[in-house]
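# Sequence plus the predicted model coming up.
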Amino acid sequence: MKLTDVMTSARASGDWTALVNLVPYARFLGMGIDVNGDQFRTSLPFDRKLIGNPVLPALHGGAIGGFLECTGMFYLLWHMDSSDQPKTINFNFDFLRSGKPEDVHADVFMVKLGQRVAHVRVEAWQSSPDKPIAIGHGNFLLKPAAESGASA
């Protein structure tokens, strides 16, 4: 199934599972996308396979980082009503506190949207959005509108 078809179906039904399933790492994480009007939020359900430090226990930083990056990419697909997957230029993480063995949620903030590049900030939290466990800053390459309809 093409990305265009998946996006059209997800927008119509409100079920974003097929979009998550197109990205293997997002599928592995079990990510969820919740769109409520203009509110876009993702979730990372707790799973024991996500534990990086069993002594604390704490979530693995790579799982949190991948979750943040996928959230930014999914947000751009949703926000821009695009059928072209944004390409990650770079993505930086600030880990603020250990992720407890519980669900993680993320909110996205558009910092700058240009014609070719978008910059987003993603905040991951568990108990409250006011207490983020990690923040990600990412730059994504966008396909210009003139190239969107061209076939490769």
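The structure has been received and is ready for your questions. The shown structure was predicted, so the numbers you read here are calculated from the model rather than taken from an experiment.
# Quick one: low-confidence residue ranges for this protein.
Filtered on pLDDT under 70, the chain yields the residue ranges 82, 144-152.
# other SSEs contacting the host helix or strand of residue 136?
Using DSSP states H and E, residue 136 maps to strand 132-141. When contacts are defined as 3 or more Cβ pairs under 8 Å, 6 or more residues apart in numbering; DSSP states H and E, strand 132-141 sits against helix 61-79, strand 87-95, strand 117-125. No exception for glycine: its C-beta is placed from N, CA and C like everyone else's.
# could these go into a markdown table alongside mean neighbour count and distance to residue 29?
Below are those laid out as a markdown table (neighbours: other Cβ atoms under 10 Å; distance: least, Cβ to Cβ, whole Å):
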| stretch | mean neighbour count | distance to residue 29 |
| --- | --- | --- |
| helix 61-79 | 22 | 6 |
| strand 87-95 | 13 | 15 |
| strand 117-125 | 20 | 12 |
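# so which of those comes closest to residue 110?
Nearest to residue 110, of all the helices and strands packed on strand 132-141, is strand 117-125, at 5.9 Å by Cβ to Cβ.
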